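[1] Fold the following, please.
(2 chains)
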Number of protein chains: 2
Amino acid sequence: MTRKITDRTPKEDGFFMPAEFTPQDHIYMIWPKRKDNWRDGAKPAQKAYRDVALAICEFTPVTMLADYECYEEAKKMLGETVRVVEMTSDDAWCRDCGPSVLVNHQGQRRGCDWRFNAWGGMVDGLYSPWEADDAIAGKICELEGMDYYSLKDFVLEGGSFHVDGRGSVLTTEMCLLSKGRNPGLSKEEIEKTLLDYLGASKVLWLKDGIDPEETNGHVDDVACFVRPHEVACIYTEDEEHPFYSVAKENYETLCHMKDSDGEILKVHKVCLPKHPVLLEGAETIEEVEGTIPRKNGDICIASYLNFLITNEGVIVPQYGDEHDAMALEQIQGIFPEKKVVGVFTREIVYGGGNIHCITQQIPSPLKSR
Amino acid sequence: MTRKITDRTPKEDGFFMPAEFTPQDHIYMIWPKRKDNWRDGAKPAQKAYRDVALAICEFTPVTMLADYECYEEAKKMLGETVRVVEMTSDDAWCRDCGPSVLVNHQGQRRGCDWRFNAWGGMVDGLYSPWEADDAIAGKICELEGMDYYSLKDFVLEGGSFHVDGRGSVLTTEMCLLSKGRNPGLSKEEIEKTLLDYLGASKVLWLKDGIDPEETNGHVDDVACFVRPHEVACIYTEDEEHPFYSVAKENYETLCHMKDSDGEILKVHKVCLPKHPVLLEGAETIEEVEGTIPRKNGDICIASYLNFLITNEGVIVPQYGDEHDAMALEQIQGIFPEKKVVGVFTREIVYGGGNIHCITQQIPSPLKSR
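    Next up, the predicted model:
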């Protein structure tokens, strides 16, 4: 029995979103298949998704959602370890269309189902239609038997914010104030909605993300909470790097920021790939009306920061870049208590995202922790 | 993590199917939508399915599986009480394409996934294709995280047998020996497969069911176990009734039958509707290639025996027939410890089945009982 709640906010009901670095029951992912987004009929992307899923399984159970047409093939490729559940989607970004799952101090969980419009709707969205993706969050809550707050007049993606579970929400103006999200709302109204629905008390605003074109600057390529009062942030001293100025500006902003507890943040640096990842093999991506065509040489948004923290593990993107090992070392240094695992995800970057973008956690209830 | 087991049998592993009259965790159903089987675009059938689901919910939680296209409508009609989960199907008969769920004495459960071929495949099946339905059992097991025996070279539907959970399997020759099922196997081989995969020791063979044309005589319209050593059986003294001779023959056979414990069965009589249910409104059923056309006046298979026993409840078909009240009274007499609930299911009968045909139980593990 699942209730859809539209007349109250999580904050009123004592619910809040816990930090990603706290215990999780489960990770949801969505099997990729769009031939107009992924190279070579999505086969190489499917292998990369499988690698990510299997890496996560070492720490946390994974459910892979797959369209009816892909179900058998997904099951075959994923083997016995990953649970496969049929669910129709438009593409494969569970962070952004999945539910944000909240907890309270009575051991209950509830979902939050925001409006998803493919990162900008008819203003600058990446594909159309997006109805199937927009239905995913509610369906996951229903599947889990979890009541959920339905906030379908507010556009938000899970990758556009991070929380510390203590009252702070980290996000970017580039995304949340973009014209394709909630143009009718003021910054103050957007802030209030975030706080009410994530059960938080302070929004920490960064200015820009590193991908103005795709997600309009999701924070999950730039910075994240790693424990109370501490964040990781992308950083490079290479002035020629395409993300140099954004990384530098965000790093400096964070170094002077106070969280909801009034503490100055400690900021850990995470390097960027030495060489930008450029799209290759674009000719194997089908051109279809309603999606933006891709071309060889397009800069892909490759950030080591788009990792997933999941129980005793941290799953980190690897690109075959000279900085891969340094990134793993830095992230291991940030999480000495966890096991850092690298997964080669160049293929996922070609499709527009990375490990954090394709995963969504179901946190453990507080009382069972 | 779900294993598909192909190299061992449930009997070897100590698993058996428990009786329907023992504790259940959950009931699965499938939302109807075929316009070439149901009247008026399936709308009246959907209402009848909803009524059955809500009646069951008083005793046992229900999950309704619904195609992507029907999901929202199903959720809207079913309300908060019934869990709706997306799953593609060809039609809506979860008894026949769902898994048979087994238990062992260590508190574990496993599924059994038989081949489903729409009641006869290319010999006398009722629709084609049936691939989606044939995949349902495995998908339910995967969803439940339940290992399952995959027996895809053996055709069997859940409605074609009943078990007492003590070693007896009740079935009909008309169905299990029909040409559209397993024509390459002898009666002895079929018997051995039933016993191995249902964890039983004796097959009780009835000769015929009451619907040679549709399911080829499923036993679940004719007789079922109601407690150890006791069965219910359809019965009428009206020699003009179309099911008179089959009912009489089965009643007499059962009265002289010994179960796997060597006990002579006690047989309870359940009346038939006084007036056969004849199809009306066939002109609103779409004619489509690959399905058998329906016409007004066709005899529909209306039996009160096609009830579902579910925990403290028994959900019984009602037709608006003079015998409706008597049927409820008789069945209440058989189950004095349970609450008997009638649901008007004429619309489901028009589509070819009834309450038992459209439900499939997930039994409780033995240790939690």
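
[2] where along the stretch 201-350 of chain A do the strands fall?
    A:202-206, A:223-227, A:230-235, A:266-271, A:277-278, A:299-300, A:308-310, A:313-318, A:339-344 (DSSP state E, counting those that start in this stretch).

[3] Let me have those in a markdown table, extended by mean pLDDT, mean neighbour count and distance to chain B.
    C-betas here are computed from N, CA, C, even on glycine. Formatted as a markdown table, the strands of the stretch 201-350 of chain A follow (pLDDT from 0 to 100; neighbours: other Cβ atoms under 10 Å in any protein chain shown; distance: least, Cβ to the nearest Cβ, whole Å):
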| stretch | mean pLDDT | mean neighbour count | distance to chain B |
| --- | --- | --- | --- |
| strand A:202-206 | 98 | 20 | 33 |
| strand A:223-227 | 98 | 24 | 29 |
| strand A:230-235 | 98 | 22 | 32 |
| strand A:266-271 | 98 | 20 | 33 |
| strand A:277-278 | 94 | 16 | 34 |
| strand A:299-300 | 92 | 18 | 31 |
| strand A:308-310 | 98 | 27 | 17 |
| strand A:313-318 | 98 | 24 | 17 |
| strand A:339-344 | 98 | 18 | 19 |
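
[4] start to end distance for stretch A:126-137?
    19 Å (Cα to Cα, to the nearest Å).

[5] now check that stretch, is it near chain B?
    Yes - contact of stretch A:126-137 with chain B (Cβ under 8 Å from any Cβ of the partner chain) involves A:132, A:135.

[6] ok, residues contacting that stretch?
    A:30, A:34, A:36-37, A:65, A:87-91, A:93-94, A:96-99, A:111-122, A:148, A:214, A:290-292, A:352, B:68, B:71-72 (Cβ atoms under 8 Å, 6 or more residues apart in numbering or on different chains).

[7] buried residues in it?
    A:126-127, A:130, A:132-137 (16 or more other Cβ atoms under 10 Å in any protein chain shown).

[8] one step back: out of the contacts of stretch A:126-137, which end up buried?
    A:30, A:34, A:36-37, A:65, A:87-91, A:93-94, A:96-99, A:111-121, A:148, A:214, A:291, A:352, B:68, B:71.

[9] quick one: contacts for residue A:123?
    A:178-180, A:183.

[10] 6 Å - rerun?
    Residues in contact with residue A:123 (Cβ atoms under 6 Å, 6 or more residues apart in numbering or on different chains) are A:179-180.

[11] Confirm that it lies within a helix, as I assumed.
    Yes - the assignment for residue A:123 (DSSP: H, G, I helix; E, B strand; the rest coil) places it in a helix.

[12] And it, how close does it get to residue A:15?
    Distance, residue A:123 to residue A:15, using Cβ to Cβ, to the nearest Å: 31 Å.

[13] before we move on, back to that, taking the contacts of stretch A:126-137 one by one, which sit in helices?
    A:94, A:96-97, A:121-122, B:71-72 (DSSP state H).

[14] Secondary structure element for residue A:139, which one?
    Using DSSP states H and E, residue A:139 sits within helix A:131-144.

[15] near chain B, which residues of the stretch 1-150 of chain A?
    A:1, A:3, A:68, A:80-81, A:84-88, A:142-143 (Cβ under 6 Å from any Cβ of the partner chain).

[16] Could you export the residues you listed as CSV, including pLDDT and distance to residue B:190?
    CSV is the format used below for those (pLDDT from 0 to 100; distance: Cβ to Cβ, whole Å):
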residue, pLDDT, distance to residue B:190
A:1, 83, 41
A:3, 96, 47
A:68, 98, 32
A:80, 95, 30
A:81, 95, 35
A:84, 98, 32
A:85, 98, 33
A:86, 98, 32
A:87, 98, 37
A:88, 98, 38
A:142, 98, 40
A:143, 98, 37
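
[17] which pair in these spans the largest distance?
    In the residues of the stretch 1-150 of chain A next to chain B, the most distant members under the criterion Cβ to Cβ are A:3 and A:80, with 34.0 Å between them.

[18] could I get the strands of the stretch 201-350 of chain A as CSV with distance to residue B:261?
    Below are these laid out as CSV (distance: least, Cβ to Cβ, whole Å):
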stretch, distance to residue B:261
strand A:202-206, 70
strand A:223-227, 63
strand A:230-235, 67
strand A:266-271, 69
strand A:277-278, 70
strand A:299-300, 69
strand A:308-310, 52
strand A:313-318, 53
strand A:339-344, 55
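
[19] For residue B:296, find the nearest of the ones you listed.
    strand A:308-310 (60.0 Å).

[20] Give me the sheet partners of that closest one and which way each runs.
    strand A:313-318 (antiparallel) (DSSP bridges).

[21] Residue A:217 contacts residue A:208, correct?
    Yes - using Cβ atoms under 6 Å, residue A:217 is in contact with residue A:208, at 5.3 Å.

[22] Settle it for me: which of these two has more neighbours?
    residue A:217 (26 against 20; other Cβ atoms under 10 Å in any protein chain shown).

[23] For that one, which residues are in contact?
    Counted by Cβ under 6 Å, 6+ apart, residue A:217 has contacts A:172, A:174-175, A:208-209.

[24] Residue A:247: which of the strands of the stretch 201-350 of chain A is closest?
    strand A:230-235 (4.6 Å).

[25] Stretch A:144-158: which residues count as buried?
    Within stretch A:144-158, judged by 16+ other Cβ under 10 Å, the buried ones are A:144, A:146-151, A:154-158.

[26] let me fix that: stretch A:277-284
    Buried-residue list, stretch A:277-284, by 16+ other Cβ under 10 Å: A:277, A:279, A:282.

[27] pretty sure the last one is touching residue A:296, no?
    Meaning residue A:282. Yes - the criterion here is Cβ under 6 Å, and residue A:282 meets it with residue A:296 at 4.6 Å.

[28] For burial, what's the neighbour tally of residue A:245?
    12.

[29] Could you check how far it is from residue A:268?
    20 Å.

[30] Which strand residues bridge residue A:363?
    Going by DSSP bridges, residue A:363 forms beta bridges with residue A:24.

[31] Quick check: bridge partners of residue A:65?
    The partner residues for residue A:65, given DSSP bridges, come to residue A:30, residue A:85.

[32] Tell me, what's the model's pLDDT at it?
    For residue A:65, the pLDDT comes out at 98.

[33] quick one, what contacts it?
    A:30, A:85, A:87.

[34] what sits against the last one?
    Right, residue A:87. A:65, A:139, B:86.

[35] For residue A:323, state which of these is nearest.
    residue A:65 (32.6 Å).

[36] Give me the distance between the closest one and residue A:77.
    With the distance defined as Cβ to Cβ, residue A:65 ends up 14 Å from residue A:77.

[37] swap in residue A:109?
    Residue A:109 sits 30 Å away from residue A:77, going by Cβ to Cβ.

[38] Who has more neighbours out of the two?
    residue A:109 (23 against 18).

[39] Beta-bridge partners for that one, please?
    Going by DSSP bridges, residue A:109 forms beta bridges with residue A:103.

[40] Just the pLDDT at residue A:292, thanks.
    75.

[41] and the buried residues of stretch A:126-137 as TSV, adding pLDDT?
    Output for those, formatted as TSV (pLDDT from 0 to 100):
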residue	pLDDT
A:126	92
A:127	92
A:130	97
A:132	98
A:133	98
A:134	98
A:135	98
A:136	98
A:137	98
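
[42] Make TSV from those residues and add distance to residue A:306 to it.
    Shown next, in TSV, are those (distance: Cβ to Cβ, whole Å):
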residue	distance to residue A:306
A:126	17
A:127	20
A:130	21
A:132	24
A:133	19
A:134	23
A:135	25
A:136	20
A:137	20
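
[43] from those residues, which is closest to residue B:359?
    Using Cβ to Cβ, the buried residues of stretch A:126-137 come closest to residue B:359 at residue A:135, 26.2 Å.

[44] how close does the closest one sit to residue B:125?
    33 Å.
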